[in-house]
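Colleague: Mind folding the following:
(chains A and B)
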Amino acid sequence: MTITRPQNSGEKQWRLDTRRIDDDLLEVSCGGRWCLDQDLPSAGVILAEGGDGLRRLSFNTAQLSAWDSGFLAFLRALLKLCAERGLTLEQAGLPKGVRHLLAMAAAVPEQKVARRSSVGQSLFFQVGAATVEFFRGAPEMLHFLGEITLSLGRLFSGRARFRLSDLWWEIEEVGPRALAIVSVISFLVGLILAYLGADQLRLVGAQIFIADLVAIGMVREVGALMTGIIIAGRTGAAFAAQLGTMQVNEEIDAFKTLGISPVDFLVLPRMLALMLMVPLLTLYAAFVGMLAGMLVSTTIFDVGMFEYYTETLRALDVTHFLVGLSKGSVYGGMVAYAGCLRGMQCGRSAESVGKAATSAVVTAILLITISASLMTIIFYRLGI
Amino acid sequence: MNGAPHIEIRDLTMAYGEFVIQRDLNFVVNKGDIFVIMGGNGCGKTTLMRALIGLQRPARGTVFYGGEDFWSVEPDIQARLKRRLGIMFQGGALWSSLTLAENIALPLKEYTALSAPRIAEIVSFKLALVGLGGFEDFYPAELSGGMKKRAGLARAMALDPDILVIDEPSSGLDPLTARRLDDLILELRDSLETTIVVITHELASILGIGTNSVFLDTETHTMINTGNPKEAVASGDPKVRHFLTRGAE
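Modeller: Residues are numbered from 1 along each chain as shown, chains lettered A, B, ... in the order given. Got it, this is the predicted structure:
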């Protein structure tokens, strides 16, 4: 039986002919160009034409003008099919380079166990896996919290090993360098609060109480909350990316092998820097917010500057500042905890670093929100 | 293989600001060469590679590919010239969010009209060539350093480039795998007529497969020898002989 498959005429296209030259032998003639820029045939087409009694395949490549990996991949697929069907593929008719490269590809046996199942997982499976993963994550979070607590214990007993220069560097990075963004956001939030209050208070001619609203709101709650969220996005993500990259580069493993606690050396300075700086940033944010409130009240709602100042002083007392500062400290601790936790949990690839940074921000905002709610309830119950 | 100039480096100087890495480099890589760029640590081998493959503009001079001045032509011509290159980076530079199969398939999907099954066959073949048959569905993070390096070579070979630029192919590989890689480089040159530029300081590879070379000197910041590395051992510059004999001469 002779099959001719003139796919396309012309030197630049492939040609494939098959000819039965014996009862058990099929000669495969490949001509023209067998290159990656061609739409090459599948290997299965040859065996489909083979018929009964076929035991061997041979090649005639006299008309082959050019070949590359396209031809090699076709032959390799054909070799696999022949092996599956118990056919012998005689390679003598193939160009020398082709034979050598096919031999090189076959030199290392394929890792059968290595191939993964690509079947998609059901929704049920995915929900189950996510649930198991969540509950597996909780002990890890507690474990890390425990490590930080022990590290703080070592710090207070003078046994924690970290460099003071690292702490100063972190303090500068998370504090002064964050002033610009904290200023902008706090000013705008103070402005929004003032407008929000004025909208209602103007109805009863009590615009002066804009000062109370902005002062107490910014000092007790909003200053700390906004600072926490800004720091979560700015610094929490940076901590996760820094520590994550150190995981990828095996720097954290190097600390462990030297008997130096990475929590002491890397987490502690970051934790301390944020717990020290976030309360200060909170105060600064409250101050900027109050300035914005004063600006809106005096220029838009006809409140005198001195009146606003006096009302602000009357509204605020030390308790409000302590509440704001305590919230700032807690939020700072939460951001540092989330950033360092996700960084230390990071995998060994660039993708993992991105995931760690994202996860750090999400975790930090979630923790800030939960702790803000809890503290508000607690302070309310305590009458503070 | 016709021995025609494939790449020509003319008056090339590479610098970071005022700091000159290498200056006044002039050499030719002929078609079918296995051209070794060698030199001690920090001599500027990888910086030269970056200038060759279009990642770093040289401070002075240029690189010609088949007569076209790479650093003077329009970006679309630069893109066409880059398509002739396959690059294997030192650490593999695999895309971490893609499996090995997806890493190798990406250039094939972008630049050929091959169907998905044909691409899968080619990917499987390329991985088998570097001894990673069956690892198609693995992510780079799941592989060892040597495996990443070999997968990086498989990706560099994906489109059967005219010129294959390989940065430190043997470092970090066991001797047998390194030898296998050298054999593969020779076979690619012989079978597919690929011109190969190898950046290395592995003596076994330099002397085993190199047909032409340039030696970059760390002290004088320029090249001090070109030609077949085996000949350089016998009659080259004393510094080159010292390097190629591990300080024995």
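Colleague: Leaving out chain neighbours, which residue sits closest to the residue of chain B found nearest chain A?
Modeller: Residue of chain B nearest chain A, by Cβ to the nearest Cβ: B:Ser191 (2.7 Å). The way it works is simple: take the backbone N, C-alpha and C, and place the C-beta from them, glycine included. In space, and not counting its chain neighbours, B:Ser191 is closest to A:Gly97: 2.7 Å by Cβ to Cβ, 6 or more residues apart in numbering or on different chains.
Colleague: Can you get me a residue count around residue 82?
Modeller: Since no chain was named, I'll use chain A. 18 (other Cβ atoms under 10 Å in any protein chain shown).
Colleague: that's the other chain; I wanted chain B
Modeller: Neighbours of B:Lys82 under the rule other Cβ under 10 Å: 15.
Colleague: With the one 5 residues further on instead?
Modeller: A total of 23 residues lie near B:Ile87 under the criterion other Cβ under 10 Å.
Colleague: buried residues in the helix or strand bottoming out on mean pLDDT in chain B?
Modeller: Among the helical and strand segments of chain B, the one scoring lowest on mean pLDDT, DSSP states H and E is helix B:229-235, with a mean of 83. Buried residues in helix B:229-235, counted by 16 or more other Cβ atoms under 10 Å in any protein chain shown: B:229, B:232-233.
Colleague: which strands and helices sit next to that helix?
Modeller: helix B:203-209, strand B:212-216, helix B:238-244 (3 or more Cβ pairs under 8 Å, 6 or more residues apart in numbering or on different chains; DSSP states H and E).
Colleague: element containing the residue of chain B closest to chain A, please.
Modeller: helix B:175-192 (DSSP states H and E).
Colleague: ok, then the element right after that helix?
Modeller: Counting by DSSP H and E, the element after helix B:175-192 in chain order, helix or strand, is strand B:195-199.
Colleague: and that following strand, which strands flank it?
Modeller: strand B:34-39 (parallel), strand B:163-167 (parallel) (DSSP bridges).
Colleague: which of these sits most buried?
Modeller: Mean neighbour count (mean count of other Cβ atoms under 10 Å in any protein chain shown) peaks for strand B:34-39 among the strands paired with strand B:195-199, with a mean of 26.
Colleague: which SS class is whichever residue of chain A sits closest to chain B?
Modeller: The nearest approach of chain A to chain B comes at A:Gly97, 2.7 Å away (Cβ to the nearest Cβ). At A:Gly97 the chain is in helix, as set by DSSP: H, G, I helix; E, B strand; the rest coil.
Colleague: Distance check, it against B:Phe35.
Modeller: 20 Å (Cβ to Cβ, to the nearest Å).
Colleague: Please apply the same query to B:Thr245.
Modeller: 21 Å.
Colleague: Point out the residues in chain B that sit beside chain A.
Modeller: Residues of chain B lying near chain A by Cβ under 8 Å from any Cβ of the partner chain: B:96-97, B:108, B:112-115, B:117-118, B:121-122, B:124-126, B:128-129, B:131-141, B:157, B:159-160, B:180, B:183-184, B:187, B:190-192.
Colleague: And the buried ones among the residues you listed, selectable in ChimeraX?
Modeller: Buried residues within the residues of chain B next to chain A, by 16+ other Cβ under 10 Å, are selected in ChimeraX with:
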select /B:96,97,108,112,114,118,121,122,124,125,126,128,129,131,132,133,134,135,136,138,139,140,141,157,159,160,180,184,187,191,192
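Colleague: Contact partners for B:Met130?
Modeller: I think there's a mix-up here, since residue B:130 is Val and not Met. Residues counted as contacts of B:Val130 (Cβ atoms under 8 Å, 6 or more residues apart in numbering or on different chains) are B:150-151, B:153-154, B:181, B:184.
Colleague: Quick check on it: phi, psi?
Modeller: phi -100, psi 10 (degrees, to the nearest 10).
Colleague: ok, the closest residue in space to it that isn't next to it in sequence - contacts?
Modeller: In this structure, B:Val130 finds its nearest non-sequential neighbour in B:Arg150, 4.0 Å apart by Cβ to Cβ, 6+ apart. Neighbour list for B:Arg150: B:92, B:130-132, B:173, B:177, B:181 [criterion: Cβ under 8 Å, 6+ apart].
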